[in-house]
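**Q** Prediction below, plus the sequence it came from.
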Amino acid sequence: MPLDHRRLRGPEESQPPELWAGVAEQEQEDGAAPRDPYALRPLFARAGLLSQAEGSAYVELGGGTKVLCAAWGPREAAEPGAPAEGGRLQCEFRRAPFAARGARCRPGSAAEREAEREAAAALREALEPAVRLARYPRARLAVSALLLQDGGSALAAAISGAALALADAGVEMYDVAVGCALCRAPGPAGAWLLQPSEAEERRAAGRLTLALLPALNQVSAVLGSGQGSPPDAWAQALRLGLDGCHRLYPVLRQSLLRAARRRAAASTASTTASTASTTASTATA
């Protein structure tokens, strides 16, 4: 039988990388090592990564969540009867086939498409209040979020990454939307946990995702699901989520500042090189 040299063949037997994970990480996933419910997972954010997009951002949470976002626009709306009052924001959320651990929906299945549509709708709901759509009449703005690895709090990371990508594209915004996720541990006295991992979300009795515009102190979206709980518990979750968003905001701002400095340095270097080339050609002539 001829071999297909264009395909990378994997090993005959393979083992999941979780077998070589640290003992502390495994104990935390198994629930044997309780963590501080008010602690935030480390956040890494970088804007301006993709050259093919007008704006881009990469967000990674400690524990394995990785999201890559890209933004395009403003562009002329394709619909001839588009409203003139303001522009449109189109959001897309996709999961990589290798994003989740263990069993997942079959790629391209109806359940997978429905989950991606719901996440895209939630992303749009969180971002629309942050974008000044009235400044782009008859225009279309597009943002896409690709979940590379799902380690928990994926939608919150996508909200932060998409807002960074729009800001990196130069879109006028009221503020950068910051996403923060929470989950409630099972049981009658279950506590709320900030930025839960994938294992904590799987065991959770309730989940909450909050999007905040910190400079305006305005909540742009609140998305909750799970079993019912007293109103005081949900109020406590909102307070925790607001505090988490305010603590994450400086990290996102610094990533935008670093991206602006990199672009300014690259523009200065390009101008200097062009001037030197022009001077050299003039001296030669």
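**A** Right, received. Where do you want to start?
**Q** Skip the chain neighbours and tell me the closest residue to Leu210.
**A** Nearest-residue entry for Leu210: Gly241, 3.6 Å, with adjacent residues in sequence omitted and distances by CB to CB, 6 or more residues apart in numbering. All C-beta spots, glycine's among them, are computed from the backbone N, C-alpha and C.
**Q** what's around that neighbour, how many residues?
**A** Using other CB atoms under 10 Å, Gly241 has 26 other residues around it.
**Q** Nearest the middle, which residue of the chain would you pick?
**A** The chain has Ala158 as the residue nearest its centroid, 1.9 Å off, counting by CA atoms, centre = their mean.
**Q** what about it, helix or strand, and which?
**A** Assessed by DSSP states H and E, Ala158 sits inside helix 154-168.
**Q** ok, back up a step: so what's the residue nearest to the centre of the chain up against?
**A** Val59, Val67, Cys69, Phe93, Ala119, Leu123, Ala145, Leu147, Gly179 (CB atoms under 8 Å, 6 or more residues apart in numbering).
**Q** now do Arg253
**A** For Arg253, the contacting residues are Val176, by CB under 8 Å, 6+ apart.
**Q** give me the element it is part of.
**A** Using DSSP H and E, the element containing Arg253 is helix 231-284.
**Q** got the angle for that helix vs helix 154-168?
**A** Counting by axes from the mean of the first three to the mean of the last three CA atoms, to 10 degrees, helix 231-284 lies at 30 degrees to helix 154-168.
**Q** quick revisit: excluding its backbone neighbours, what's nearest the residue nearest to the centre of the chain?
**A** Using CB to CB, 6+ apart and skipping residues adjacent in sequence, the residue nearest Ala158 is Ala145, 4.1 Å away.
**Q** Please report how far that neighbour lies from Ala264.
**A** 27 Å (CB to CB, to the nearest Å).
**Q** What of Gly73?
**A** Gly73 is 23 Å from Ala264, by CB to CB.
**Q** Which one's more surrounded, these two?
**A** More neighbours surround Gly73 than the other of Gly73 and Ala264, with 22 against 10 (other CB under 10 Å).
**Q** got a pLDDT number for that one?
**A** At Gly73, the model reports a pLDDT of 80.
**Q** Am I right that it sits in a helix?
**A** No - counting by DSSP: H, G, I helix; E, B strand; the rest coil, Gly73 falls outside a helix, being strand.
**Q** Could you tell me how many residues sit around the residue nearest to it when sequence neighbours are not counted?
**A** Nearest non-adjacent residue to Gly73, counting by CB to CB, 6+ apart: Leu141, 3.9 Å away. Neighbours of Leu141 under the rule other CB under 10 Å: 23.
**Q** Need the max-distance pair from the contacts of Ala158.
**A** Val59 and Ala119 (14.8 Å; CB to CB).
**Q** Does Trp72 touch Glu54 like I think?
**A** Yes - contact criterion CB atoms under 8 Å: Trp72 and Glu54 qualify, at 5.3 Å.
**Q** Common neighbours of those two, please.
**A** Common neighbours of Trp72 and Glu54 (CB under 8 Å, 6+ apart) are Ala169.
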